[in-house]
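J.: Below: sequence and its predicted model.
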Amino acid sequence: MDEPLVKVDNLVKYFPVYERGILMRKKVGDVHAVDGLSLVIGKGQTIGLVGESGCGKTTAGKVILELIPPDSGEIYFEGKPVHQTLMKASAAEKKALRRNMQMVFQNPYGSLDPRMTVFDIISEAFVVHKHVPKKEWKERVYALLKEVGLEEYHAERYPHEFSGGQRQRISIARALATEPKFIVADEPVSSLDVSVRAQILTLLEELQAREGISFLYISHDLSSVRQITQFVAVMYLGKLMEYASVDDLFQNPLNPYTIALLSAVPIPDPEKKTVRIVLPGDVPSPINPPSGCRFHPRCQYATDLCSQKEPDWRELKPGHFVSCHYAEKFVK
Amino acid sequence: MADTLLQVEDLKTYFFTEAGVVKAVDGTSFEVNRGEPLGLVGESGSGKTITALSILGVIPRPGKIISGKIVFDGQNLVGMKDKDLRTIRGRRIGYVSQDPNSSLDPLYTVESQLSEVIMAHEKMPRDDAKQRVLKLLNLVRISEPEARMKAYPHELSGGMRQRIAIARALAANPDMLIADEPTTNLDVTIQAQVLELLKSLESDLGMTLILITHDMGIVAEMTKKVVVLYAGRVAEVADTHSIYTNPKHPYTAALLQSVPRIDRKKNLIPIPGSIPNLITPPTGCRFHPRCSFMVDKCAVDQPPLESPGPGREVACYRWKDISLERMK
């Protein structure tokens, strides 16, 4: 098998929580944002990372890009350890590595500098990485705008002159400007209007097919994940619950959390009445996550074992990984 | 014959801003039948929230109802004195907003916020009100209601806050509940809890639900009749089944083709362009710049509401040509 483009190995990121004392801050605990995440992303693949708010999916995306350094674990990009390289390497090597990995943020209103024109926003990548000679800048910016479905004359405008969907296109053009091999897209459509979402989703699909770029698509919207990804990882409270190809996962989920999550999404078809599993309670605090399996307080199948022992991460079917003591009984 | 609970007729609510007149709701008409959950569907700027606020008579400045009628149970609410409106708003029509964080007062406990509403509509001793609060919390399935009563909103999770907001809307036992995107800020598993709750309230209390949303999945599941709004006007009205199987407005059909579904992968067909600005909306049919069925007439004249079948209305010159197959 080919070497994967990105390999994430046992990534851990805790955020300390402090209590304000009289003289000194006292550490009272850790937010277990990402707790042992392992993922493999092949060339030209789109992997979906799904979960509810607070499950650590955004932190995971940022740590994978080393925008936040991990506490432990390593990210390998084309076999090269990213964390180690960034800790030790020269500025030039760091830049070379960074150029290959880009991010598209959730909020296109906050992620574009309001005082820069679209041309400046996109060409900033050329300033930093110097991979395009200055006389070709204009041509390249126009080509990038075209690639994301905008026009040449948009280059001289400012972000406030654009709608949300157009701004997200600009963000994507900016990410593409460094000619990356890997893009982390963090909820790229969730702040857009429904009729505009499909435009961005199809654009991402096209980019993946045409440019062979790998995506990590972070989202809580399972319908869009089904639409544009090939593999899906489900996260709950910092831990991976299940990983499989998109068809396997949606047709035969093996973790009770995934099963409940899928059953909770309303289907736009009045004739389809699904049996919905309503989970009791809320997502527990990631500061003191439950013992054993983190999902056990909300799980209808939980036994004593679940609260005592953390389930192993195992490959139950070829390519279908799950973390649940009783996953066998869900196999169809 | 269906029993009409609410009738909105040619409602126009405009906002007089410095940049110009925003025609947020521009000639909207629809009817709500008693016991028949209605979905008001539209994107941002379609006028769905302003329609709801117009019904409640709480349009923020500089907005104003310019013309039209809102007839609730035989009474026209437009132009009604505020004193009289108060006997209807809250008491007979409940409202749950999108954001429970801003609709609950952070400085008061759950108990005092709920009992305030109860005592505003009905004179009773505080102890009786407290009993009613407990009942309400049980109704919306808050666990440990005795303890939660003493809590402040920030001590509760998002799902719980939304249930408190629903409890408050139910405090006076209204005939109609308007829920404005009640689950947009919630996670899917919590959304499932709130939707199940709304369904059970409807059947247990005999309340008529108006659900405002942009999520076609929620509409399919929760409603019997749908009003599709686009840029302040009604695009289509039909029973929920027909909306999904046989839409007659190009916007409805295009919207259905553009939303991904969880049960299967399909070819997404995006709608080009974006939502129009309502200060200078497109002439004629407001959807025409984005419509693949557009003919010359669409850019000039506003299409009237025609009826393609019993209980159905559509504002499109070419509704006879529209079907889901033709969109592909």
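T.: Structure's in. What do you need?

J.: Check the closest residue to residue B:49 other than its chain neighbours and give its pLDDT.
T.: Leaving aside its sequence neighbours, residue B:49 sits nearest to residue B:180 (CB to CB, 6 or more residues apart in numbering or on different chains; 5.7 Å). Any C-beta I mention is one placed from the backbone N, CA and C, and that applies to glycine too. Per-residue pLDDT puts residue B:180 at 93.

J.: Can you spell out which residues form a bridge with residue B:180?
T.: Note on residue B:180: beta-bridge partners residue B:212, judged by DSSP bridges.

J.: thinking it is in contact with residue B:94, fair?
T.: No: Residue B:180 is not in contact with residue B:94 according to CB atoms under 8 Å; the separation is 11.3 Å.

J.: Who has more neighbours out of the two?
T.: Shown here are residue B:180 and residue B:94; by other CB atoms under 10 Å in any protein chain shown, residue B:94 has more neighbours (25 against 21).

J.: ok, the more buried one - contacts?
T.: By CB atoms under 8 Å, 6 or more residues apart in numbering or on different chains, the contact set of residue B:94 is B:169, B:170, B:171, B:172, B:174, B:176, B:177, B:178, B:207.

J.: Where does residue A:215 sit: helix, strand or coil?
T.: Look at residue A:215: counting by DSSP: H, G, I helix; E, B strand; the rest coil, its state is strand.

J.: residues making contact with stretch B:308-325?
T.: Counting by CB under 8 Å, 6+ apart, B:225, B:233-239, B:242, B:245-250, B:253, B:256-257, B:285, B:293, B:295, B:297-298, B:302-307 sit against stretch B:308-325.

J.: ok, of the residues you listed, which come out buried?
T.: B:225, B:233-239, B:242, B:246-250, B:253, B:256-257, B:285, B:293, B:298, B:303, B:305 (16 or more other CB atoms under 10 Å in any protein chain shown).

J.: and chain A, which of these contact it?
T.: residue B:256 (CB under 8 Å from any CB of the partner chain).

J.: In strands, which of the buried ones among the contacts of stretch B:308-325 fall?
T.: Among the buried ones among the contacts of stretch B:308-325, the ones falling in strands (DSSP state E) are B:225, B:233, B:234, B:235, B:236, B:237, B:238, B:239.

J.: Could you measure from the nearest residue to residue A:82 once chain neighbours are set aside over to chain B?
T.: Spatial nearest neighbour of residue A:82, excluding adjacent residues (CB to CB, 6+ apart): residue A:75 at 4.3 Å. To chain B, residue A:75 is 27 Å away according to CB to the nearest CB, to the nearest Å.

J.: Also residue A:146?
T.: Residue A:146 is 16 Å from chain B, by CB to the nearest CB.

J.: per-residue pLDDT, that residue?
T.: Residue A:146 carries a pLDDT score of 93 in this model.

J.: residues in contact with the most centrally placed residue in chain B?
T.: Residue closest to the average C-alpha location in chain B (CA atoms, centre = their mean): residue B:212, at 2.5 Å. Residues in contact with residue B:212 (CB under 8 Å, 6+ apart) are B:39, B:40, B:48, B:49, B:52, B:178, B:179, B:180, B:181.

J.: Recalculate using a threshold of 10 Å.
T.: Residues in contact with residue B:212, defined by CB atoms under 10 Å, 6 or more residues apart in numbering or on different chains, are B:38-42, B:46, B:48-49, B:51-52, B:96-98, B:178-182, B:184, B:219, B:227, B:229.
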